[in-house]
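Student: okay, here's the prediction I keep looking at, along with the sequence it came from:
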Amino acid sequence: MTKVIVKNGNVENALRIVKQKSAKDGSSKKIRERQEGYMKPGVKRRLAKKEAIKNSKRRQRENY
């Protein structure tokens, strides 16, 4: 579980930090996958490959 200290009553800043931390550790993605239910191994592999291709293209664009 992610913990954030609220400084000077600034709840909005703390909420932003919580969202960033949860995005980094991938907890929201895990929750979404569990809600969708069981996925066959082949389907899971295809989605992972598709996402890897998308990420590599994004990294190539950033490097140029």
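Tutor: Good, I have the coordinates.
Student: residue 5 - nearest residue in space that isn't next to it in sequence?
Tutor: residue 14 (7.4 Å; C-beta to C-beta, 6 or more residues apart in numbering). Every C-beta, even on glycine, is put in place using the N, C-alpha and C of the backbone.
Student: which ones are touching the one you found?
Tutor: By C-beta atoms under 8 Å, 6 or more residues apart in numbering, the residues touching residue 14 are 4, 5, 6, 7.
Student: dump those residues to CSV, plus pLDDT and neighbour count.
Tutor: Below are the contacts of residue 14 laid out as CSV (pLDDT from 0 to 100; neighbours: other C-beta atoms under 10 Å):
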residue, pLDDT, neighbour count
4, 88, 15
5, 89, 6
6, 92, 12
7, 90, 8
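Student: so which of those is the closest to residue 46?
Tutor: Proximity of the contacts of residue 14 to residue 46 (C-beta to C-beta) peaks at residue 4, which lies at 36.2 Å.
Student: ok, so of the contacts of residue 14, who is nearest residue 63?
Tutor: Among the contacts of residue 14, and counting by C-beta to C-beta, the member closest to residue 63 is residue 4, at 32.9 Å.
Student: any idea how far the closest one is from residue 27?
Tutor: With the distance defined as C-beta to C-beta, to the nearest Å, residue 4 ends up 14 Å from residue 27.
Student: over to residue 41?
Tutor: 23 Å.
Student: with neighbour numbers in mind, choose between the two.
Tutor: Neighbour count, other C-beta atoms under 10 Å: between residue 41 and residue 27, residue 27 has more, with 13 against 7.
Student: pull the CA atoms of the strand or helix carrying residue 16 into CSV?
Tutor: Residue 16 belongs to helix 11-25 when assigned by DSSP states H and E. Provided in CSV are the C-alpha atoms of helix 11-25 (Å, rounded to 0.1, in the frame of the first residue of the first chain):
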residue,chain,number,x,y,z
VAL,A,11,-4.2,17.4,-0.1
GLU,A,12,-4.2,18.0,-3.8
ASN,A,13,-0.4,17.7,-4.0
ALA,A,14,-0.5,14.5,-1.9
LEU,A,15,-3.2,13.0,-4.2
ARG,A,16,-1.1,13.8,-7.2
ILE,A,17,1.9,12.0,-5.6
VAL,A,18,-0.3,9.0,-4.8
LYS,A,19,-1.4,8.8,-8.4
GLN,A,20,2.1,8.9,-9.7
LYS,A,21,3.3,6.2,-7.3
SER,A,22,0.4,3.9,-8.2
ALA,A,23,1.1,4.4,-11.9
LYS,A,24,4.8,3.5,-11.4
ASP,A,25,4.2,0.3,-9.5
